[in-house]
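**Q** whatever this is, show me its structure:
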Amino acid sequence: MKKNGFFSILCKATISILIVFACGEIIFRAFFPEYRGYILTKDITYGKKRYDVAILGGKTRSRTSDLTLDIKPTDHIILEFGDSVSVGYGLAFEDIFWNYWQRMLKLEGSDVKVISINSYGVNYTDNFLAMRTAVKKYKELTPHIDGVVYQFNFNDILPYDSADLKHMEYLESKSSFITQMIKKLVYVRTVYLNHSVMLRVLANKITHALYRNSKIPCERLGIEALGEYSYCFGSKGLEETSQKIWDRFESDLKITKTELGDIPFIILISPIAELIEPEMKINVLSRPRRFDCATIDPRKQLTRITQESNINLIDPSVYMKTNFENYIKGDNPVRFYHINDDDHFNEIGAKYFSEYSYMKIFKEGLIPIQKNK
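**A** Numbering: from 1, shown residues only. Below is the predicted model:
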């Protein structure tokens, strides 16, 4: 009887927990519908299937897993380099900006091939090295490299590159029992409980509470004020280090420009959400960023550097913000970025980013469109 009584209590407790969880999930799905389908796994980002494949010069995002590049000596190509924005994080392959360029070029009657070499967690050092290496390799296949485009993200200005990040992750994984347990719990939630809106919202709410910093002086916050943007924006207390990194960026950029020779070189800024849709970022779940702690305007820095180096700079920020505000004026406010994501466009944001960059690069002749013969 005691054994049956124990199992009866266990069953009732389990059923009660499941009922509470189910009710909570229903309520959270009703109040936070934007989190439905918000799936993140190794091969899926925000519910979108992704294929990353190896190509000459590095990796790229592909429509399928069996991509092959056949470059002939007569082919004209454009090389594009970048981070997760170029990967198309959270987007279907058809919505990535450089794939939009490819479609538009075909409509113009051009067979120019746009080749994107992209990866997660890279900074300017990684991209400049990839550019110089890839250009040498592709020159062996074709002399017709019509242009090189670097998709610049505001988190590219960092004192470490992807190799440093991997080493830091390795050290962190060995650092403590608590750290390892947290990683395992995150892994379990990501793999097995990723469809739960309730757990996703609660995780973001906890993150927001932990990063509550509105009343803390900027100098005391350091890197916590702006996170991965701290060095790009020169967060107070990090001004000297930030300027040194910007100086190295300028020096490495000039070296890259020299090695590219007469190939048209373009820097394309991918704006962050705070520059486009601050109204949509103000909610209880958004991770707070202290842009009042910034001492550097990165867009002004880039403008000066590119003008002095005779490099073309494209900044879609004003165009995207104007169109974002037009939605609000029409009483149809929409997001341009994924929820709780500063860097990555959703389908709407990607559309405006793509069309502006295409117009500036190709229609205005920064890279001439080679027509089919």
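**Q** contacts for stretch 311-319 next, please.
**A** For stretch 311-319, contacts defined as Cβ atoms under 8 Å, 6 or more residues apart in numbering pick out 253, 257, 264-269, 271, 275-276, 299, 302-303, 305-307, 352-353, 356-357, 360-361, 366. Any C-beta I mention is one placed from the backbone N, CA and C, and that applies to glycine too.
**Q** enumerate the positions of that stretch that are buried.
**A** Buried residues in stretch 311-319, counted by 16 or more other Cβ atoms under 10 Å: I311, N312, L313, I314, D315, P316, S317, Y319.
**Q** stretch 330-338 now?
**A** Under the neighbour-count criterion of 16+ other Cβ under 10 Å, stretch 330-338 has R335, F336, Y337, H338 buried.
**Q** who touches Y229 in this structure?
**A** Applying Cβ under 8 Å, 6+ apart, the residues near Y229 are F154, N155, S235, I272, R289, D342.
**Q** which residue packs closest to the fifth one, ignoring adjacent ones?
**A** Using Cβ to Cβ, 6 or more residues apart in numbering and skipping the chain neighbours, the partner closest in space to R289 is L226 (5.8 Å).
**Q** what's the answer for the second one, then?
**A** The shortest distance from N155 to any residue that is not its chain neighbour, by Cβ to Cβ, 6+ apart, is 4.0 Å, and that residue is E228.
**Q** and that neighbour, that one's in a helix?
**A** Yes: counting by DSSP: H, G, I helix; E, B strand; the rest coil, E228 is located in a helix.
**Q** now the contacts of Y229 in TSV, with neighbour count and secondary structure?
**A** Below are the contacts of Y229 laid out as TSV (neighbours: other Cβ atoms under 10 Å; DSSP: H, G, I helix; E, B strand; the rest coil):
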residue	neighbour count	secondary structure
F154	22	coil
N155	21	coil
S235	27	coil
I272	23	coil
R289	22	coil
D342	21	coil
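**Q** lowest-confidence one in those?
**A** Lowest pLDDT within the contacts of Y229 is found at R289 (80).
**Q** compute the first-to-last residue distance for stretch 309-321.
**A** 28 Å (Cα to Cα, to the nearest Å).
**Q** wait, I meant stretch 295-315
**A** 20 Å.
**Q** R132 belongs to a strand?
**A** No: going by three-state DSSP, the assignment for R132 is helix, not a strand.
**Q** isn't it up against K257?
**A** No: R132 is beyond contact range of K257, at 10.4 Å (criterion: Cβ atoms under 8 Å).
**Q** check the residue nearest to R289 and give its pLDDT.
**A** L226 is given a pLDDT of 86.
**Q** what do you get for the one 5 residues further on?
**A** Reported pLDDT at Y231 in the predicted model: 92.
**Q** distance check, C293 against K329.
**A** 31 Å (Cβ to Cβ, to the nearest Å).
**Q** so the two - more neighbours on which side?
**A** Higher neighbour count among C293 and K329: C293, with 23 against 8, using other Cβ atoms under 10 Å.
**Q** where does this protein dip in pLDDT?
**A** For the chain, the stretches flagged by pLDDT under 70 are 1-4, 6, 161-193, 207-214, 279-287, 373.
**Q** for it, what's the longest helix?
**A** helix 2-31 (DSSP state H).
**Q** quick one, what contacts P278?
**A** P278 touches nothing, counting by Cβ under 8 Å, 6+ apart.
**Q** turn the buried residues of stretch 330-338 into JSON lines, including secondary structure and distance to G58.
**A** Below are these laid out as JSON lines (DSSP: H, G, I helix; E, B strand; the rest coil; distance: Cβ to Cβ, whole Å):
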{"residue": "R335", "secondary structure": "coil", "distance to G58": "31"}
{"residue": "F336", "secondary structure": "coil", "distance to G58": "28"}
{"residue": "Y337", "secondary structure": "strand", "distance to G58": "26"}
{"residue": "H338", "secondary structure": "coil", "distance to G58": "25"}
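**Q** of the residues you listed, which pair is most distant in space?
**A** F336 and H338 (9.4 Å; Cβ to Cβ).
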